[in-house]
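Asks: Sequence plus the predicted model coming up.
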Amino acid sequence: MLLLALALSGCSWMKSSKEPAKAQPSAKAPAAPTPAPSNALVGKVALVNGTARFVVLNFPLGKMAPAEQHLNLYRRGAKVGEVKVTGPQRADNIVADLVSGEAEIGDEARNQ
């Protein structure tokens, strides 16, 4: 993540003198992400092991999912899978088994 942040900030000083091209509306625009309610438990997929069918979820400090909790996985607003939190937990990360569907790093895990 640190490398990504450095790469993105390093490119920000390069500005083109040309005006940016206007985006053409597409007939198949991706679904807009559905905002989670403020009381929803929301984490991100930090690691995926497809062979063993588990993921590592990262939650904000103080907002950890309890063991046995079922969460839905969303990618760009569309549900793509379901996980069951199993542990172990380390700091703000916890392991969850992939119950159905698929997972990718960056997917959103939430209970609503």
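Replies: Looks like it arrived, so ask away. Numbers count the residues shown, from 1 in each chain.
Asks: Strands along this structure, start to end?
Replies: Counting by DSSP state E, residue ranges of the strands within the chain are 42-49, 54-58, 70-75, 78-90, 93-101, 108-110.
Asks: I'd like the ones you listed as a markdown table, with mean pLDDT and mean neighbour count appended.
Replies: The C-beta positions use only the backbone N, C-alpha and C, and glycine is treated the same way. Listed next are the strands of the chain as a markdown table, based on pLDDT from 0 to 100; neighbours: other C-beta atoms under 10 Å:
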| stretch | mean pLDDT | mean neighbour count |
| --- | --- | --- |
| strand 42-49 | 96 | 18 |
| strand 54-58 | 97 | 21 |
| strand 70-75 | 97 | 20 |
| strand 78-90 | 95 | 15 |
| strand 93-101 | 96 | 17 |
| strand 108-110 | 96 | 21 |
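Asks: need those in TSV with distance to Met64, can you?
Replies: Putting these into TSV (distance: least, C-beta to C-beta, whole Å) gives the following:
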stretch	distance to Met64
strand 42-49	8
strand 54-58	9
strand 70-75	12
strand 78-90	7
strand 93-101	6
strand 108-110	12
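Asks: give me every residue that touches the closest residue in space to Pro60 that isn't next to it in sequence.
Replies: With C-beta to C-beta, 6 or more residues apart in numbering as the criterion, Pro60 has its nearest non-adjacent residue at 7.0 Å, and that residue is Asp92. Taking C-beta atoms under 8 Å, 6 or more residues apart in numbering as the contact definition, Asp92 lies against Asn58, Phe59, Pro60, Leu61, Met64.
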